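A.B. asks: Pasting the sequence and the predicted coordinates here, then a few questions.
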Amino acid sequence: MAENLSLTVSFVYGFNHVDERRQLWEELAVLNATTPVSRCPWAVLGDFNQIMRDDQHSNFLHAEVDSAGMEDFNIAMQEAELFESQSNGLPHSWWNNQDANPVAKKIDHALINQHWAERFPDAYCELLELGQSDHAPCLFRMPSFSRRVVKPFKFFHHTIDHPEFLDTVRASWNCPTIQGSLQFKLARSLKLLKGPLRRLNSRHFSRISLRVKEQAAKVSAIQRQLLTSPDVETASLEHQERARWQILAKAEEKFFRQKSRVQWHRLGDRDTTFYHKTAVQRANRNHIHFLKDDNGNLIGSRDGIKIHAEEYFADILGCTNLSESPATIEELKALMPFRCTEPQRNELQQEVSAEEITRTVFALPLRKCPGPDGYYVEFLRSSWSIVGKDIIAGVRVF
């Protein structure tokens, strides 16, 4: 790496018997609780002699897997605040060297903590070929380069709560002045709005966690002053700064909840730490480090991955330069024998009303994936008084 870093890597070997391995689980928890590893990037690598899940056994689909020790291992990981690093390469790390009954398992693991995932989001472990051993070597890769790319626009839900949100949308929404079809005007307006929304979020919510900490410290200082020597001016300032702190704290929770995409978690109080950890682990798990082509060659560059993905899906979906289909209408009718009834045809041909479009938009579920333009349903609902008329017009001419 090109910079000075502080990190800890622990190498372990787990005993063969379940009872003997319990000492290892206890030591991992003690290390996390009593040493500085819990405050810096920490990775634990080695032969644990233990699978985590049934699917880490080659016969899990055809035979009952010995689950002894799995629960102890998973509980130990929770207590030590460790989780699996993303793994590429071979699915198993060991085999029993028996010709008559070959069995493979993943008993060698690379575990990391939250600080490691945050500091090295592109790190991953790769299980290599066995060679002369019955264990696969584990190579932990930490790419030293930074893939700096312009991230696509994403609308963040917390910007809705800012007092300037509607004014920003209103000032930047110039759909009537754009020349073109109604759908082009709508798409162009949404695109032109992305810049002002990015700047609004950056100006008031960038580095959101740091802003929350700084504002909390500011409120604490004012409250100490208020409890030491109260006066009208300090009391008024405390209310203002505490309100600002609450806005930032709510924005932080929304930000990490949106990134984590956790749907089932419902608590009465804020749980920002949970959402933050989930978001980091999800990003680490979903990061694409390399792809493999048909010849087994690894493609690791950003441009190479983009080109290979494009060629892969083009090969599946196919392409054509034909201006029109060679199939006749009669041939298509033969493929689709179903025919709509007269009432069904009349209903399909009816003009869609503005009320129906509005009801549909407001009936869409929240906290789902955005559209390809980066906008969520939350944006449409919150700004419907401004953008609704143009959206309705664009839908009705579709």
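C.D. replies: Thanks, I have the structure now. Residues are numbered from 1 along each chain as shown.

A.B. asks: hey, let's count contacts and neighbours off CA atoms from now on
C.D. replies: Fine.

A.B. asks: which SSE is Val44 in?
C.D. replies: Using DSSP states H and E, Val44 sits within strand 42-47.

A.B. asks: can you pull the alpha-carbon coordinates of the helix or strand following that strand into CSV?
C.D. replies: Going down the chain from strand 42-47, the next helix or strand is helix 70-80, by DSSP H and E. Provided in CSV are the C-alpha atoms of helix 70-80 (Å, rounded to 0.1, in the frame of the first residue of the first chain):
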residue,chain,number,x,y,z
MET,A,70,-21.5,-24.7,13.7
GLU,A,71,-23.6,-22.9,16.3
ASP,A,72,-20.5,-22.3,18.5
PHE,A,73,-18.6,-20.9,15.6
ASN,A,74,-21.4,-18.5,14.6
ILE,A,75,-22.0,-17.3,18.2
ALA,A,76,-18.2,-16.7,18.5
MET,A,77,-18.2,-14.6,15.4
GLN,A,78,-21.0,-12.4,16.8
GLU,A,79,-19.2,-12.0,20.2
ALA,A,80,-16.0,-11.1,18.4
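
A.B. asks: Next, the buried residues of helix 70-80.
C.D. replies: Using 16 or more other CA atoms under 10 Å as the test for burial, helix 70-80 gives Met70, Asp72, Phe73, Asn74, Ala76, Met77, Glu79, Ala80.

A.B. asks: Kindly report the same for stretch 288-298.
C.D. replies: His289, Leu291.

A.B. asks: Tell me which stretches of the stretch 151-300 of the chain form strands.
C.D. replies: For the stretch 151-300 of the chain, the strands defined by DSSP state E, counting those that start in this stretch occupy 291-292, 298-299.

A.B. asks: Please name whichever of those is nearest to Val395.
C.D. replies: strand 291-292 (39.2 Å; CA to CA).

A.B. asks: Now do that closest one: everything it contacts.
C.D. replies: For strand 291-292, contacts defined as CA atoms under 8 Å, 6 or more residues apart in numbering pick out Leu298, Ile299, Gly300, Ile305.

A.B. asks: so who does the spatially closest residue to the third one that is not a sequence neighbour touch?
C.D. replies: In space, and not counting its chain neighbours, Gly300 is closest to Phe290: 4.4 Å by CA to CA, 6 or more residues apart in numbering. If a contact means CA under 8 Å, 6+ apart, then Phe290 has Leu298, Ile299, Gly300, Ser301, Ile305 as its contacts.

A.B. asks: Low-confidence stretches in the stretch 201-350 of the chain?
C.D. replies: 260-285 (pLDDT under 70).

A.B. asks: Give the pairing partners of the strand holding Val44; include direction for each.
C.D. replies: strand 8-13 (parallel), strand 108-112 (antiparallel) (DSSP bridges).

A.B. asks: Highest mean neighbour count out of the ones you listed?
C.D. replies: strand 108-112 (a mean of 23; mean count of other CA atoms under 10 Å).

A.B. asks: what's the spacing between it and its chain's center?
C.D. replies: 21 Å (CA atoms, centre = their mean, to the nearest Å).

A.B. asks: Give the next helix or strand downstream of that strand.
C.D. replies: helix 114-119.

A.B. asks: buried ones in that following helix?
C.D. replies: Gln114, His115, Trp116, Ala117.

A.B. asks: Stretch 45-62 too?
C.D. replies: Leu45, Gly46, Asp47, Phe48, Asn49, Gln50, Ile51, Met52, Asp54, Gln56, His57, Ser58.

A.B. asks: Could I get the buried residue list for the top helix by length along the chain?
C.D. replies: The longest helix of the chain (DSSP state H) is helix 232-260. Neighbour counts over helix 232-260 (16+ other CA under 10 Å) mark 234, 238, 241-242, 244-245, 248-260 as buried.

A.B. asks: returning to that earlier point: against Ala309, how distant is the residue nearest to Gly300?
C.D. replies: 11 Å (CA to CA, to the nearest Å).

A.B. asks: Can you spell out which helices and strands pack onto the longest helix of the chain?
C.D. replies: helix 208-228, helix 272-286 (3 or more CA pairs under 8 Å, 6 or more residues apart in numbering; DSSP states H and E).

A.B. asks: chain center to it, what's the gap?
C.D. replies: 25 Å.

A.B. asks: okay, the angle between that helix and helix 208-228?
C.D. replies: Here helix 232-260 points in a direction 160 degrees away from that of helix 208-228 (axes from the mean of the first three to the mean of the last three CA atoms, to 10 degrees).

A.B. asks: can you pull the alpha-carbon coordinates of stretch 207-222 into PDB?
C.D. replies: In PDB, the C-alpha atoms belonging to stretch 207-222 read as follows (Å, rounded to 0.1, in the frame of the first residue of the first chain):
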ATOM      1  CA  ARG A 207     -20.300  13.600   5.900                       C
ATOM      2  CA  ILE A 208     -23.500  13.200   7.700                       C
ATOM      3  CA  SER A 209     -22.100  11.100  10.600                       C
ATOM      4  CA  LEU A 210     -19.400  13.700  11.300                       C
ATOM      5  CA  ARG A 211     -22.000  16.500  11.200                       C
ATOM      6  CA  VAL A 212     -24.100  14.600  13.800                       C
ATOM      7  CA  LYS A 213     -21.200  14.200  16.200                       C
ATOM      8  CA  GLU A 214     -20.100  17.800  15.800                       C
ATOM      9  CA  GLN A 215     -23.600  19.100  16.400                       C
ATOM     10  CA  ALA A 216     -24.200  16.800  19.400                       C
ATOM     11  CA  ALA A 217     -21.000  18.100  20.900                       C
ATOM     12  CA  LYS A 218     -22.200  21.700  20.300                       C
ATOM     13  CA  VAL A 219     -25.500  21.000  21.900                       C
ATOM     14  CA  SER A 220     -23.800  19.400  24.900                       C
ATOM     15  CA  ALA A 221     -21.600  22.500  25.400                       C
ATOM     16  CA  ILE A 222     -24.600  24.800  25.300                       C
END
